[in-house]
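> what would the 3D arrangement of this be:
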Amino acid sequence: MALTSVKEVFAKMPEVFNASAASGMNSVFQFHITGGEAGDWFVIIKDGTCAVNEGVHESPTVALTMEDADWVAMCNGTLNGMTAFMTGKLKAKGDIMAAQRIPSLFPL
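You can find the predicted model right below:
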């Protein structure tokens, strides 16, 4: 079943979290979503756990900015993350290597 909204994606993330992919990881992902469903969320990965929060974290490991429709498309697998980054649809600031682990951490 395809995800249809930004809030649905963030609500689903803890359910699909792959703790084994997070082994030894201690990171904070900040998501700045723009567009009609704009908002800010941050995800804390620590000691094999995942916590999704609405708002802005003071010191994220990596901050990602993306338009709402592109974010949902990427989470549904219809937009490739690397393509989104290379075409400017996805902007990342901070630890890009951590950002590349998102698909394995959250197999949506």
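
> show me where the protein has helices.
In the chain, the helices defined using DSSP state H lie at 6-16, 68-76, 81-86, 96-99, 102-105.

> avg pLDDT for the first one?
Predicted confidence along helix 6-16 averages 95 (mean pLDDT).

> pull the residues that contact it.
3, 31, 33, 37, 39, 41, 43, 50-52, 54, 68, 71-72, 75, 106-108 (Cβ atoms under 8 Å, 6 or more residues apart in numbering). In short, each C-beta sits where N, CA and C put it, glycine included.

> residues in contact with Ala69?
Here Ala69 is in contact with Gly35 (Cβ under 8 Å, 6+ apart).

> quick check: the gap between it and Glu8.
13 Å (Cβ to Cβ, to the nearest Å).

> leaving out sequence neighbours, find the closest residue to Cys50.
Counting by Cβ to Cβ, 6 or more residues apart in numbering, Phe17 is the residue found nearest to Cys50 once chain neighbours are left out, at 4.1 Å.
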